[in-house]
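Enquirer: Need a 3D model of the following:
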Amino acid sequence: MSSSFRAPPVLSPREIDFISLMQSALRQKKLFLITTLSIGVIAAGYAFFSTPEYQVSSVLRPVAINELDALNRSEIYQLPPGEALIKVGAALESYDTRLGFFRTHQTMFKRFERPGRTLEQSFEEFNRDSINLVLPDSKANLLSAYIKIEMKYPAGVDGVSILNEFVKYAIASERVQIAADVSVIVNNRLREIDGKLAAARSSYEADKTLRIASLVESDDLKRAQLQDELKALRAQLKALRSDRIAQLNEAIAISKSLGIRKPTTPSSLGDSNRTDSARVMRTEINNQQIPLYFMGSDALEAERAALAKRNTDDFADPRVAQIAREMRLLQSNREIEMLNRREQEDLFLSGVQPLRSEIARLRNLNIDMNNVNLVTIDRQALEPLGPVKPNKPLVIALGLFAGLLLGIGIFLIRYFIKARSGVVPAVSAFRSTPSHQETISISSRRVD
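Expert: Modelled structure (predicted):
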């Protein structure tokens with residue numbers, strides 16, 4: 001069929017006839033509907049027949065200060081509530097803690113086991129995709145600090161029990177670790193105190209040995225000094241005896257020459273020459289020492305004989321007896337004997353009373369870690385109200401939207417392919433010429 005209008009010029013590849021495009025799109029409603037419904041049905045099938053996935057969470061917060069008071073007052077292990085929360089969080093994040101929980105609760109993880117997989121491989125799938133630890137902002141203070149642990153699990157898995165038991169397992173594991181740390185610290189301190197006591201004993205033994213040696217040396221020195229004094233004193237007494245004998249010899253010679261045999265005085269010696277028979281009593285006062293020969297030769301000879309027969313002069317001086325007494329006392333030192341006879345020598349150690357008190361305190365230290373709460377479980381895991389995956393309305397809506405986009409894509413591809421081959425009607429843009437009015441050219445062919 002022909003018309004009186006002229007054939008439109010061929011459009012360039014960059015020119016798009018939007019009116020023709022919209023007209024063709026309206027005629028392709030069936031294509032759009034089919035693709036939209038097809039993808040929507042696929043999305044609905046995925047939403048309704050895929051395995052639902054649920055999510056549970058538990059929140060932990062710092063424990064009250066009084067819960068850790070017994071541990072902190074022990075002066076052995078300081079654990080503020082915030083640090084206790086961090087330790088439990090580290091245990092929850094620990095690969096070793098999770099693997100230990102997986103091994104001890106294998107009946108809860110039957111859903112994650114696959115034929116041909118080892119236990120560690122099954123655990124790796126669970127650990128990688130299921131548990132996530134949410135930490136608070138680093139700028140948060142202690143009052144707002146918390147740790148949140150989340151777990152995603154498919155239908156058929158008791159995720160609530162798994163998460164709650166895992167939290168309890170991690171807390172118990174950290175409690176056991178802290179108890180082990182306390183035990184190690186106590187044992188280390190006891191060994192340190194035992195070392196100090198051993199050093200004190202060694203110092204005491206050295207002081208004791210030094211004291212005994214000093215006492216023995218002092219006794220030996222004093223004994224030697226007394227022996228020297230005794231020897232010198234005896235020599236002195238012997239010399240004095242010899243001098244006395246010499247004096248007596250001289251006095252005896254004088255008394256014999258004067259004819260004095262009996263003791264007399266100078267006055268009596270003068271009166272002996274008088275013949276007066278009258279008896280006269282005289283009293284003589286004289287402050288001069290009477291010479292020795294006035295004792296008479298008989299007395300002097302008797303004294304000389306006695307001195308000549310003397311075997312020892314020790315009795316002549318009381319100091320000799322004193323030296324003998326002191327020498328006898330030095331034969332045994334009672335202080336040395338007492339030092340050697342000590343049985344409980346630890347009682348005599350100086351400066352160890354605080355160490356003994358610390359040993360008694362550490363050995364009687366009884367911290368029941370089973371009753372120590374490290375964290376407060378602010379919220380336990382509860383049964384979820386519904387699955388988090390898949391979100392059925394969202395999946396279906398996205399499926400329908402994707403189907404519509406797929407239909408539009410198919411339509412545009414077909415349209416441009418036909419436009420390049422010249423079978424698509426096109427409406428040219430208005431064109432102006434200097435000598436003619438604007439004309440409109442419409443082709444007479446239709447798009448199938």
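
Enquirer: Show the contacting residues for the closest residue to residue 326 other than its chain neighbours.
Expert: The shortest distance from residue 326 to any non-neighbouring residue, by CB to CB, 6 or more residues apart in numbering, is to residue 226 (5.6 Å). Placement of C-beta: from N, CA and C, glycine included. By CB atoms under 8 Å, 6 or more residues apart in numbering, the contact set of residue 226 is 323, 326, 327, 330.

Enquirer: swap in residue 162?
Expert: 105, 108, 109, 151, 153.

Enquirer: Make sure the third one is actually in contact with residue 127.
Expert: No. Between residue 109 and residue 127 no contact is recorded; they are 10.7 Å apart, counting by CB atoms under 8 Å.

Enquirer: what is in contact with these two at once?
Expert: Listed as contacting both residue 109 and residue 127 by CB under 8 Å, 6+ apart are residue 102.

Enquirer: Comparing those two, which shows the higher neighbour count?
Expert: For residue 109 versus residue 127, neighbours defined as other CB atoms under 10 Å are more numerous around residue 109 (19 against 15).

Enquirer: Now for that one: which residues touch it?
Expert: Residue 109 touches 102, 122, 123, 126, 162, counting by CB under 8 Å, 6+ apart.

Enquirer: Next: residue 105.
Expert: The contact partners of residue 105, taken as CB under 8 Å, 6+ apart, are 162, 165, 169.

Enquirer: Tabulate these (TSV), appending pLDDT and secondary structure.
Expert: What follows is these, written out as TSV (pLDDT from 0 to 100; DSSP: H, G, I helix; E, B strand; the rest coil):
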residue	pLDDT	secondary structure
162	86	helix
165	89	helix
169	91	helix
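
Enquirer: could I get those as CSV with distance to residue 382?
Expert: Shown next, in CSV, are those (distance: CB to CB, whole Å):
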residue, distance to residue 382
162, 13
165, 14
169, 19
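
Enquirer: how about the contacts of residue 109, which pair is most distant?
Expert: Using CB to CB, these reach their maximum pairwise distance at 122 and 162, which is 13.8 Å.

Enquirer: what's the spacing between the helix or strand harbouring residue 216 and its chain's center?
Expert: Residue 216 belongs to helix 159-258 when assigned by DSSP states H and E. Remark: helix 159-258 is offset 37 Å from the chain centroid, using CA atoms, centre = their mean, to the nearest Å.

Enquirer: next one: stretch 297-317
Expert: Computed by CA atoms, centre = their mean, the chain-centroid distance of stretch 297-317 equals 88 Å.

Enquirer: Of all the residues in that stretch, which ones are buried?
Expert: Going by neighbour count (16 or more other CB atoms under 10 Å), the buried part of stretch 297-317 is 297, 299, 300, 301, 303, 304, 313, 314, 316.

Enquirer: Which ones among these map onto helices?
Expert: Judged by DSSP state H, these include 297, 299, 300, 301, 303, 304 as members of helices.

Enquirer: show me the contacts for the third one.
Expert: This points to residue 300. Neighbouring residues of residue 300 by CB under 8 Å, 6+ apart: 248, 251, 252, 255, 292, 293.

Enquirer: who's in contact with the first one?
Expert: Taking CB under 8 Å, 6+ apart as the contact definition, residue 248 lies against 292, 300, 301, 303, 304, 307.

Enquirer: let's see 7 Å
Expert: Residue 248 sits next to 300, 303, 304 when contact means CB atoms under 7 Å, 6 or more residues apart in numbering.

Enquirer: how about TSV for those, with pLDDT and distance to residue 68 added?
Expert: Shown next, in TSV, are the contacts of residue 248 (pLDDT from 0 to 100; distance: CB to CB, whole Å):
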residue	pLDDT	distance to residue 68
300	88	106
303	87	101
304	90	103
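
Enquirer: any idea which of the residues you listed is closest to residue 31?
Expert: Checking those one by one against residue 31 (CB to CB), the nearest turns out to be residue 303, at 167.7 Å.

Enquirer: residue ranges of the helices in the chain, please?
Expert: Under DSSP H, the chain gives helices at 18-27, 29-49, 69-72, 81-93, 95-104, 119-129, 159-258, 266-271, 297-309, 318-329, 334-340, 353-363, 392-421.

Enquirer: Select, out of the ones you listed, the one closest to residue 58.
Expert: The closest of those to residue 58 is helix 159-258. By CB to CB, the value is 5.4 Å.

Enquirer: Nearest the middle, which residue of the chain would you pick?
Expert: residue 185 (6.2 Å; CA atoms, centre = their mean).

Enquirer: what residues are up against the nearest residue to it once chain neighbours are set aside?
Expert: Nearest residue to residue 185 in three dimensions, chain neighbours excluded: residue 76, at 5.2 Å (CB to CB, 6+ apart). Contacts for residue 76 (CB under 7 Å, 6+ apart) come out as 182, 185, 186.

Enquirer: Can you lay out these as a markdown table showing distance to residue 262?
Expert: Output for these, formatted as a markdown table (distance: CB to CB, whole Å):
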| residue | distance to residue 262 |
| --- | --- |
| 182 | 106 |
| 185 | 103 |
| 186 | 100 |
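
Enquirer: Tell me the one among those nearest to residue 41.
Expert: Taking CB to CB as the measure, residue 41 lies nearest residue 182 of the contacts of residue 76, at 63.9 Å.

Enquirer: so who does residue 62 touch?
Expert: Residue 62 is in contact with 81, 82, 84, 85, 142, 145, 375, 376, counting by CB under 7 Å, 6+ apart.

Enquirer: Count residues in the vicinity of the second one, would you?
Expert: Neighbours of residue 82 under the rule other CB under 10 Å: 14.

Enquirer: avg pLDDT for stretch 132-147?
Expert: The average of the pLDDT scores along stretch 132-147 is 69.

Enquirer: start to end distance for it?
Expert: 11 Å (CA to CA, to the nearest Å).
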